[in-house]
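# Need a 3D model of the sequence below.
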Amino acid sequence: MATTPAQISMEEYLRTVYKPDCDYVDGELEEREVGEWDHATWQGLLIRFFGAREKKWGIFVRPELRVRVAAGNVRIPDVCIVSAAAPPEQVLTVPPLAVFEILSPEDRMTRVLDRLSDFDRMGVPAIWLIDPRKSSYSLYSSGHLTPASTFELQGTDFRVEMASIAAYEG
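Below you'll find the predicted structure:
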């Protein structure tokens, strides 16, 4: 027999430590798929690549940072890029410049698309989905995933091929 998930308040969610951390959607906790080699490898690549450029580009790169995508919802992207000009917040309420979601073998696409949609409604300008097993990259916008190979930061002249990030050894 299925059980109904217990409702908790946003305040309780924000003051509780979960291992691994969970998304908070409409008063309920949603587990995230994490912890496998390919997933962790891509998180490390993104953190090292963008981390080496933080000062030059005026950004911060952060893994698994809570982002309040709506009044009652908090999502935790695998990696996000935040403008250095944005107000410092423990839980982001200002849209990051970019979020990266990395597929794990156990991810269900309907749940992944729900997560990406939440970032889109928040106003995140660059929402990436990386499939490490297929070495494929897609941009999400307005309910659609589009294959893409070049990462760009909106409002800048910065462009880099995703394959260059995949090969980064810095």
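# what ranges do the strands span in this structure?
23-25, 28-30, 59-63, 67-70, 73-75, 79-83, 98-102, 126-131, 136-141, 144-147, 150-152, 159-161 (DSSP state E).
# Check the offset of the last one from the chain's centre.
Taking C-alpha atoms, centre = their mean, to the nearest Å, the mean C-alpha location of strand 159-161 is offset from the chain mean by 19 Å.
# what's it in contact with?
Contacts of strand 159-161 from elsewhere in the structure, counted by C-beta atoms under 8 Å, 6 or more residues apart in numbering, are 149, 150, 151, 152. C-betas here are computed from N, CA, C, even on glycine.
# can you map out the helices along the protein?
Taking DSSP state H as the test, the helices found in the chain are 10-15, 37-51, 54-57, 109-122, 162-166.
# Which residues does the last one contact?
Spelled out, that is helix 162-166. By C-beta under 8 Å, 6+ apart, helix 162-166 touches 45, 46, 49, 130, 135, 137, 148, 149, 150, 151.
# same thing with the fourth one?
With C-beta under 8 Å, 6+ apart as the contact definition, helix 109-122 has outside contacts at 23, 30, 67, 69-70, 73, 75, 77, 95, 99, 101, 103, 127, 129, 140-143, 145.
# Please apply the same query to the shortest one.
Helix 54-57 is touched from outside by 50, 60, 61, 84, 153, 156, 158, with contacts defined as C-beta under 8 Å, 6+ apart.
# and what of the second one?
The set of residues external to helix 37-51 that reach it, using C-beta under 8 Å, 6+ apart, is 33, 57, 59, 61, 63, 78-79, 81, 100, 102-104, 130, 132-133, 165-166, 168, 170.
# Please pick the buried ones from these.
33, 57, 59, 61, 78-79, 81, 100, 102-104, 130, 132, 165-166 (16 or more other C-beta atoms under 10 Å).
# Select only the buried ones of the contacts of helix 109-122 in PyMOL?
Buried residues within those, by 16+ other C-beta under 10 Å, are selected in PyMOL with:
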select buried, resi 23+30+67+69+73+75+77+95+99+101+103+127+129+140+145
